[in-house]
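Colleague: task: produce atomic coordinates for the following.
(2 chains)
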Amino acid sequence: MEYLLLLISTTLVNNIVLVKFLGLCPLMGVSGKLSSAWGMSLATTFVLTLSALLSWLIEHWLLQPLNIEFLRILSFILIIAAVVQFTEISMRKLSPLLHQSLGIFLPLITTNCAVLGVALLNINEHHDLPQSLMFGLGSALGFMIVMVMFAGMRERLEGANVPELFTGTPISLISAGSLSLVFMGFSGMF
Amino acid sequence: MLIATLVLTLMGLVLGTLLALAARYMAVEDDNPMTGEIEDLLPGSQCGQCGFPGCGPAAEAIANREADVTCCPPGGRALAETLAKMMDIDLSTLGDAAEPQLAVIDETLCTGCTRCFKICPTDAIVGASKQMHVVVNEACTGCEQCMEACPEDCISMTTEEMDLTRWHWHKPEAA
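Modeller: Numbers count the residues shown, from 1 in each chain, chains lettered A, B, ... in the order given. As a prediction, this is how the structure comes out:
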């Protein structure tokens, strides 16, 4: 029950993108088409969950026993970069089509601040291993929900009669803002 | 300090080894082993005159016989002949290869703005600021990128003059 609560609260209430405002670059960059938003969020889900797990292990089994917590950011980035690279290699093997459409964006997950943010928040909030796994998975699900919703919105905006002044990025930013406003409505649920 | 260095080095080594292993076991073999060979032969300036995004996709299309061996204008006749020999195609069934094009700078109009040689993918244009620029024929692939960059419209495309290395018999005229 506790884990379910954590999952729901990180997915909706403390949504990583729209409430904590992490990982905004893929939200703007890859949300033009629904299909690429799906692919990007699936890849990010994999990377986020795995790196949350691995960074917890690194922190508690390596950095803390040796008293070298100052290496936290550096070693987390190393882990994330390795996981992203692994994702790219395996995606190229298992799903060449997805690899072709996501090719440019995959390495960008490395610099997605949500991934590093989740790893660091896990340490800050003193989560234990299952909790940080749930936290990573929940954040990733939240990221996916927002990406897919936002991509759907932008696809509809393509055909909408937007005033000329607001076409393109302005209307996307405005709709991202109102989507964030909607997610603020979840706060106080738990 | 020493421990920190050691730990980071160790982590780098372990992750690097794991990635190398993953790359070996998950390696994707190209559908067509010829693709790599053909890509090596193509000019590699990614000019896009063949209609593909770059030389890589073009090589793939040629290897899969979706594109003609004559599709690369910068490569010209010499490339088409090499490719035809490699893929066992009779070149005479394909019609004329597009003549390789060369950029020519009109000296009277050039202001020495350096824009064309900054954009040239093969460094085929030489010159200096406020000095007239000139095209090195051996390096030019005729990709036309300099034409768009030139503010004076002083670059045009011509076909290369015939010499012994490029000469070939004309096709017999249809009776």
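Colleague: in the chain, what helix or strand scores lowest on average pLDDT?
Modeller: Just going to use chain A. helix A:96-102 (a mean of 73; mean pLDDT, DSSP states H and E).
Colleague: please go with chain B instead
Modeller: Within chain B, confidence by mean pLDDT, DSSP H and E is lowest for helix B:76-87 among all helices and strands, at a mean of 81.
Colleague: how about the very next helix or strand once past the least confident helix or strand of chain A as PDB, C-alpha atoms only?
Modeller: Using DSSP states H and E, the helix or strand that directly follows helix A:96-102 along the chain is helix A:113-124. Only the C-alpha atoms of helix A:113-124 are listed here, as PDB (Å, rounded to 0.1, in the frame of the first residue of the first chain):
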ATOM      1  CA  CYS A 113      17.800  16.600 -15.800                       C
ATOM      2  CA  ALA A 114      14.800  14.500 -14.700                       C
ATOM      3  CA  VAL A 115      17.100  11.400 -14.700                       C
ATOM      4  CA  LEU A 116      19.800  12.900 -12.600                       C
ATOM      5  CA  GLY A 117      17.100  14.800 -10.500                       C
ATOM      6  CA  VAL A 118      15.400  11.500  -9.600                       C
ATOM      7  CA  ALA A 119      18.700   9.900  -8.600                       C
ATOM      8  CA  LEU A 120      19.600  12.800  -6.400                       C
ATOM      9  CA  LEU A 121      16.100  13.200  -4.900                       C
ATOM     10  CA  ASN A 122      16.200   9.600  -3.900                       C
ATOM     11  CA  ILE A 123      19.300  10.300  -1.800                       C
ATOM     12  CA  ASN A 124      17.900  13.500  -0.400                       C
END
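Colleague: so after helix A:113-124, what's the next helix or strand?
Modeller: helix A:129-159.
Colleague: in that following helix, what's buried?
Modeller: Using 16 or more other C-beta atoms under 10 Å in any protein chain shown as the test for burial, helix A:129-159 gives A:131-151, A:153-154, A:157. Glycine gets a C-beta too; all of them are placed from N, C-alpha and C.
Colleague: state the mean pLDDT of it.
Modeller: Averaged over helix A:129-159, pLDDT sits at 91.
Colleague: just the angle between that helix and helix A:113-124, please?
Modeller: On the basis of axes from the mean of the first three to the mean of the last three C-alpha atoms, to 10 degrees, helix A:129-159 is oriented at 150 degrees to helix A:113-124.
Colleague: which strands or helices does the strand or helix carrying A:Ser178 pack on?
Modeller: Using DSSP H and E, A:Ser178 sits in helix A:169-184. Where contact means 3 or more C-beta pairs under 8 Å, 6 or more residues apart in numbering or on different chains; DSSP states H and E, helix A:169-184 is packed against helix A:24-29, helix A:129-159.
Colleague: who touches it?
Modeller: Under the contact criterion C-beta atoms under 8 Å, 6 or more residues apart in numbering or on different chains, helix A:169-184 has outside partners A:12, A:15, A:18-19, A:27-28, A:31, A:146, A:149-150, A:153-154, A:157, A:162, A:166.
Colleague: just the closest of those residues to chain B, please.
Modeller: In terms of C-beta to the nearest C-beta, no member of the contacts of helix A:169-184 lies closer to chain B than A:Ser31, at 23.3 Å.
Colleague: so who does the closest one touch?
Modeller: Residues near A:Ser31 by C-beta under 8 Å, 6+ apart: A:37, A:147, A:150-151, A:154, A:172.
Colleague: can I assume it sits in a helix?
Modeller: No. Under DSSP: H, G, I helix; E, B strand; the rest coil, A:Ser31 falls outside any helix and is assigned coil.
Colleague: name the nearest residue to it, sequence neighbours excluded.
Modeller: Distances taken as C-beta to C-beta, 6 or more residues apart in numbering or on different chains place A:Ala151 nearest to A:Ser31, at 4.3 Å, with adjacent residues excluded.
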